[in-house]
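K.L.:
Below: sequence and its predicted model.
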Amino acid sequence: MKFKQIVPADFPKLKKFFHRQRYPLSVYSLSSIIAWQNEEFRPHAFADGDTLFICGEYATHKENRHLILPVSPTREYTPEELYDIAKSFGFENYWFVPEQYLKQYGKARVKKIFKVKVQKDFEDYIYAADDLVGLKGNKYSGKRNLIHQFKRYYVNQGRVTIESVTSAFVSECHDFLEKWCVERDCDISKDFYLYCEKDAALNTVENLELFEAKGILLRIDKEVSAFGIASRLTEDMGILQFEKAFAKIKGLYQYFDQECAKRLFKGYTYINKESDMNIPGLAKAKKSYYPVMTVKSYTLTRR
């Protein structure tokens, strides 16, 4: 029972475990699990029959090492089984336990053997795909106005093109992200999460076809000004893993967000747009699109 680091080349042999993946938290996307790794954090996994056990290992902050819920197309594990698994593997914590798991088994039952704590930074926003495609009704009138302005000054003037992302665009996406990071001031010393997100986005673009993900990029006057990448999360829910656009261009984000919904989520009922990382400005932006639900994330610590 030895955990091994997982890398992009492992995606084809691991995807079978996610065939009926049921958890609506974005962390349970296989491509996300593999893409989010750097010199500090590495995902590891161990397969046993039809179950994949996944953990996160840290180079320096070893107190953060954790398991996530086991992933299996055929079964789910009870709280008591989770306790025994963590103990046998030498882990104290589970991270990213979705609220639905606690409701299914009852918080009282779980709290008998685990300390339960909400992860405020990792509450995902879930939207109806039709809402983000249509933007109908008075509540979206501000979004529609910004889109109309963007179309008038850019789209209708023939200045905008949209293309499917392929691994051939890695260099251009890298250049765009560098500029985006300057705009957002995502230096490693100031915002470690944003810094890591840039690496994860590039890891995903480099392995887009391997990860069975889809993406689009938008050019203004031939320069990449936005890109988005989506993949499967559950049978009826896709995840918008990355969506970046220059904030200085009025209406660009609203226009591009609608294009992502139209082009990347056909066949899905819901779109998961991940968490707000407990950042007030990001929370306000996500709420302005009126999610149909949010999904809380919890940690479980063995008593």
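P.N.:
Structure received.
K.L.:
alpha carbons only for contacts and neighbour counts from here, please
P.N.:
Noted.
K.L.:
Leaving out chain neighbours, which residue sits closest to residue 114?
P.N.:
residue 302 (4.6 Å; CA to CA, 6 or more residues apart in numbering).
K.L.:
likewise residue 221?
P.N.:
Among residues not flanking residue 221 along the chain, residue 159 sits closest, at 5.1 Å (CA to CA, 6+ apart).
K.L.:
phi, psi of that neighbour?
P.N.:
The phi/psi pair for residue 159 (degrees, to the nearest 10) reads phi -90, psi -10.
K.L.:
ok, now how distant is it from residue 227?
P.N.:
16 Å (CA to CA, to the nearest Å).
K.L.:
Which one's more surrounded, these two?
P.N.:
residue 227 (25 against 14; other CA atoms under 10 Å).
K.L.:
Which residues are in contact with that one?
P.N.:
173, 215-218, 242-245 (CA atoms under 8 Å, 6 or more residues apart in numbering).
K.L.:
Switch those residues over to CSV; also include distance to residue 47 and secondary structure.
P.N.:
Formatted as CSV, the contacts of residue 227 follow (distance: CA to CA, whole Å; DSSP: H, G, I helix; E, B strand; the rest coil):
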residue, distance to residue 47, secondary structure
173, 34, helix
215, 30, strand
216, 33, strand
217, 36, strand
218, 39, strand
242, 28, strand
243, 32, strand
244, 34, strand
245, 38, strand
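K.L.:
And these, which is closest to residue 197?
P.N.:
For the contacts of residue 227, the minimum distance to residue 197 (CA to CA) is 8.5 Å, reached by residue 242.
K.L.:
Against residue 105, how distant is the closest one?
P.N.:
Where residue 105 is concerned, residue 242 sits at a distance of 32 Å (CA to CA).
K.L.:
Looking only at neighbour counts, state which of the two leads.
P.N.:
Just comparing residue 242 and residue 105: by other CA under 10 Å the higher neighbour count belongs to residue 242, 17 against 12.
K.L.:
Tell me how far that one lies from residue 228.
P.N.:
For residue 242, the distance to residue 228 - CA to CA - is 5 Å.
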